[in-house]
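# model the structure of this input:
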Amino acid sequence: MESKTGSLLAKISGIMSIVLAGIVLLVGIIVLIVGLASAPVEGTTQQPLWIGIIIMLASIIVLIVGLFFLKASGMMKIPEKTKGGAILSLVLGILTAGNVIGILGIIGGAIGLSDSKKQAQTK
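Residues are numbered from 1 along each chain as shown. Take a look at the predicted model:
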C-alpha cells in the first residue's frame, strides 16, 4: 500500500528545503561579493569571504537534504518501497528537527511507516 499522505508531506519538506537552500545560497553569494568588493583594513582578515563560503556550503547541504526528501517521497509512492522511503524521511526529519521542514518529514515518515505496516498485514 502506497502512502499518499506521507509522500505528500515528504515532498513538501523537500520543496521547502530546496527553496530555503536557494535563499541561503543567494545570501552567501551576496556576502561573498560584499567581502570581495570591500577593501581590506590593515591588520584584519577577510572575514566576509569565509562567512560567505561557509553560508554557501550550508546551502549545498540543505539542497542535498531536500533532494533526499524528494527521493523519499518518490519511494513512498511505490508499494514495495514504502517502508524504505518512510525510514529515509524519518531519518532526514530527525536530522533536521527543530524547524518546520524536519517536523513535516518526521510526520510524513511516521505516516508512511504506518501505511507500510497496513500493507504488510493485508498480504
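# ramachandran coordinates for Lys77?
With angles defined as degrees, to the nearest 10, Lys77 shows backbone torsions of phi -80, psi -20.
# quick check: it touching Thr5?
No - between Lys77 and Thr5 there is no contact, the gap being 11.3 Å when judged by C-beta atoms under 8 Å. The C-beta positions use only the backbone N, C-alpha and C, and glycine is treated the same way.
# more neighbours, the two?
Lys77 (18 against 15; other C-beta atoms under 10 Å).
# can you pull the contacts of the more buried one?
For Lys77, the contact set (C-beta atoms under 8 Å, 6 or more residues apart in numbering) comprises 2-4, 7, 85.
# repeat for Thr82
1-3, 6, 75-76, 112, 115-116, 119.
# ok, 10 Å please
Residues near Thr82 by C-beta atoms under 10 Å, 6 or more residues apart in numbering: 1-3, 6-7, 75-76, 112-113, 115-120.
# what's the answer for Leu49, then?
31-32, 34-36, 38, 40.
# now list the buried members of these.
Neighbour counting by 16 or more other C-beta atoms under 10 Å classes 31-32, 35 among the contacts of Leu49 as buried.
# would you turn those residues into JSON lines with distance to Leu20?
Compiled in JSON lines, the buried ones among the contacts of Leu49 are given as follows (distance: C-beta to C-beta, whole Å):
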{"residue": "Val31", "distance to Leu20": "16"}
{"residue": "Leu32", "distance to Leu20": "18"}
{"residue": "Gly35", "distance to Leu20": "22"}
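# got a list of what the residue of the chain most remote from its centre touches?
Most distant residue from the mean C-alpha position of the chain: Glu42, 40.4 Å away (C-alpha atoms, centre = their mean). With C-beta under 10 Å, 6+ apart as the criterion, no residue contacts Glu42.
# pull out the buried positions in whichever strand or helix holds Phe69.
Taking DSSP states H and E as the criterion, Phe69 maps to helix 47-76. When burial is assessed from 16+ other C-beta under 10 Å, helix 47-76 yields the following buried residues: 48-49, 52, 55-56, 59, 62-63, 65-66, 68-73, 75-76.
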